[in-house]
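Enquirer: how would this look folded up:
(one chain, ligands or ions: 1)
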Amino acid sequence: MQQQTAPFSSKDVPRLETRDLCRSFEGRRVVENVSLKVMPGQVTCLLGPSGCGKSTTLRMIAGVEMQDGGEILVDGQVICDTIFRIPPERRRIGLMFQDFALFPHLSVAANVAFGLKGLKVDPRRRVGELLEKVGLSDKIDAYPHELSGGEQQRVALARALAPRPRIMLMDEPFSGLDNRLRDGIRDETLEILKAEDTAVLLVTHEPEEAMRMADEIALMRGGRIVQQGAPYNIYKSPVDKAAVAFFSDINIIRARVQGAIAPTPFGPFFCPGHADGDHVEIVIRPQHVRVDFDRGGRGPNPTIEHGTAARGVVTRARFMGSESLVEFAMDHDGGIFRVTVPNIFLPQPGQPLWLTIPRDRCFIFNA
Ligand SMILES: Nc1ncnc2c1ncn2[C@@H]1O[C@H](COP(=O)(O)OP(=O)(O)OP(=O)(O)O)[C@@H](O)[C@H]1O
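Expert: Numbering: from 1, shown residues only. The predicted structure is shown next:
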């Protein structure tokens, strides 16, 4: 009898996949069971604090660092496990790092053509095509010292793209650029990489950069991926307190669950799934706390959506540009609460105000 095979499309095969990558240095695990998939034309950001193992992961995929365990696949084929290893230069993986180091003695054209050595392509044509893409056709004969930081970055991108890499690994490639320049270059780079259908793995420790660039974020901590998903999902459904705190300041209300309810000075919080006696932390971002006026010592009326208001006294108020940051010392425990309010809101220190916590904006975790 003929065996039926499942319908299978090359579209379903990740361009880049890692399975359980591990690496230790001097007996210390710095990368632990990192499994990732990046589809063609997709950008995945490895996001995490300094030292969490992002660059080591990238270096193993590039082939300049050897893993202790796990495997790396490109288009469904193993290119490296603990026994078999394709050398870095044959992986067709492009690299872009913060110190992109153009060759100072070579012209823009020669820098871009450098990536084409040994390939059967017409270098003049490919260089011309790439410089047009990055908007630097008029700088073809210039030398790196004659270019701005942003222009140099674009040459580095053209050089990395020249051999048509299937995968681009980028390690904080934009952090050397000033803020205003960075946004433009980031967007342009993304557009070009998507148009070339390149799978991109980008390392960053900046949540804003990850939110801006990524189709998917892999949040890393202590060598492990703790959460993976679309930026919206990571922001809206964080796995733990640290995942919330990575994207913004946080306020924490501590309580103990009784009958699926955590009583707090802000009213009761419904805690399904938490057992009686569980200590919980209710976490809320500063932009989601609501502020109400004192109304002669009486705060706003309690509601189901916002619970009861708790009174605090302003200790500090700062205008931050598009919003104001106000700090409160809370009456019930003297703890500090941070609240951001759009536009200009600068109450005087000492002024009493009332804070409420929208129930649909807070996260409840076991303490
Ligand atoms: N060759 C090495 N020898 C020993 N320890 C190393 C080596 N390379 C990296 N480490 C250690 O491994 C850990 C992870 O480093 P890695 O560079 O991967 O982190 P990272 O998340 O990229 O940090 P950053 O954002 O600061 O670059 C760090 O504690 C680092 O000191």
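
Enquirer: wait, a strand at residue 210?
Expert: No. Under DSSP: H, G, I helix; E, B strand; the rest coil, residue 210 sits outside any strand and is assigned helix.

Enquirer: secondary structure element for residue 228?
Expert: Applying DSSP states H and E as the criterion places residue 228 in strand 224-229.

Enquirer: quick one: list the elements packing against the least confident helix or strand in the chain by mean pLDDT.
Expert: Scoring the helices and strands of the chain by mean pLDDT, DSSP states H and E places helix 179-195 at the bottom, with a mean of 82. Taking 3 or more C-beta pairs under 8 Å, 6 or more residues apart in numbering; DSSP states H and E as the contact definition, the neighbouring helices and strands of helix 179-195 are strand 43-47, helix 149-161, helix 207-213. Where C-beta positions appear, they are placed from N, C-alpha and C, glycine not excepted.

Enquirer: for residue 58, which non-adjacent residue is closest in space?
Expert: Distance criterion C-beta to C-beta, 6 or more residues apart in numbering; nearest residue to residue 58, sequence neighbours excluded, is residue 169 at 5.1 Å.

Enquirer: kindly report the same for residue 64.
Expert: Spatial nearest neighbour of residue 64, chain neighbours left out: residue 88 (5.8 Å); criterion: C-beta to C-beta, 6+ apart.

Enquirer: ok, now which ones touch that neighbour?
Expert: Taking C-beta atoms under 8 Å, 6 or more residues apart in numbering as the contact definition, residue 88 lies against 62-64.

Enquirer: which one of these is nearest residue 15?
Expert: If you rank the contacts of residue 88 by distance to residue 15 using C-beta to C-beta, residue 62 comes first, at 14.8 Å.

Enquirer: and for the closest one, the neighbour number?
Expert: Residues contacting residue 62 under the criterion other C-beta atoms under 10 Å number 18.

Enquirer: give me the helices and strands touching the helix or strand hosting residue 353, please.
Expert: With secondary structure defined by DSSP H and E, residue 353 is part of strand 352-356. In terms of contacts (3+ C-beta pairs under 8 Å, 6+ apart), strand 352-356 is packed against strand 290-292, strand 310-319, strand 323-330.

Enquirer: so what's the residue count around residue 263?
Expert: 13.

Enquirer: bridging residues for the nearest residue to it once chain neighbours are set aside?
Expert: Once its chain neighbours are removed from consideration, residue 263 has its nearest residue in residue 255; the separation is 6.4 Å (C-beta to C-beta, 6+ apart). Beta-bridge partners recorded for residue 255 (DSSP bridges): residue 280.
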